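A.B. asks: predicted model, plus sequence, below.
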Amino acid sequence: MRRFLSVAVALLVAGAANAQSAPSGSIRTGTWDLEVVYGGGTIEGRLELTPSGDSLVAKLFVGDHESPVKAGKRDGNRLALVSTAPGMDIGYTLEFDADSVTGSFTYDSQPGTVKGKRRLPGR
């Protein structure tokens, strides 16, 4: 389950951001503290989004594990993430609203949810 959650979080990380001072309705870069809920359990995670030209670099951590992900389709404040781990079929759909993120994912044909807040700079 931890590996799954790690992959789930990794997908979140792959996702997205403009600038730290981006207006509401866009995806902000920075560190996001997450709650990943799957299979009746909750695990803490972290998503790190950094700008790279016109793209984003995402790192997702679930529990103590980094989960490899890549950003997929981006539409305004919505971002789709896909796992890059071999044999893992996980897809995330995230929606960003200022300093909050919510979303859902499917792993092994079972649904899960993600929610979180962006850390303020200096914390």
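C.D. replies: The structure has been received and is ready for your questions.

A.B. asks: who's the closest residue in space to G103 that isn't next to it in sequence bridged to?
C.D. replies: Distance criterion Cβ to Cβ, 6 or more residues apart in numbering; nearest residue to G103, sequence neighbours excluded, is L94 at 3.7 Å. C-beta coordinates here come from the backbone N, C-alpha and C atoms, glycine included. Under DSSP bridges, the beta-bridge partners of L94 are L79, G103.

A.B. asks: can you check F61 too?
C.D. replies: R46, E66.

A.B. asks: do you know how far it is from T102?
C.D. replies: 18 Å (Cβ to Cβ, to the nearest Å).

A.B. asks: comparing these two, which shows the higher neighbour count?
C.D. replies: Set F61 next to T102 and count neighbours by other Cβ atoms under 10 Å: F61 wins out with 21 against 13.

A.B. asks: show the pLDDT at the more buried one.
C.D. replies: In this model, F61 is scored at 87, pLDDT.

A.B. asks: I43 is in contact with that one, correct?
C.D. replies: No: if you go by Cβ atoms under 8 Å, F61 and I43 don't touch, sitting 10.3 Å apart.

A.B. asks: number of residues surrounding G76?
C.D. replies: 10.

A.B. asks: cool, T31 as well?
C.D. replies: 19.

A.B. asks: which strand or helix spans it?
C.D. replies: Assigned by DSSP states H and E, T31 falls within strand 30-38.

A.B. asks: could you do G112 as well?
C.D. replies: Using DSSP H and E, G112 maps to strand 110-118.

A.B. asks: swap in S26?
C.D. replies: Going by DSSP H and E, S26 is not in any helix or strand.
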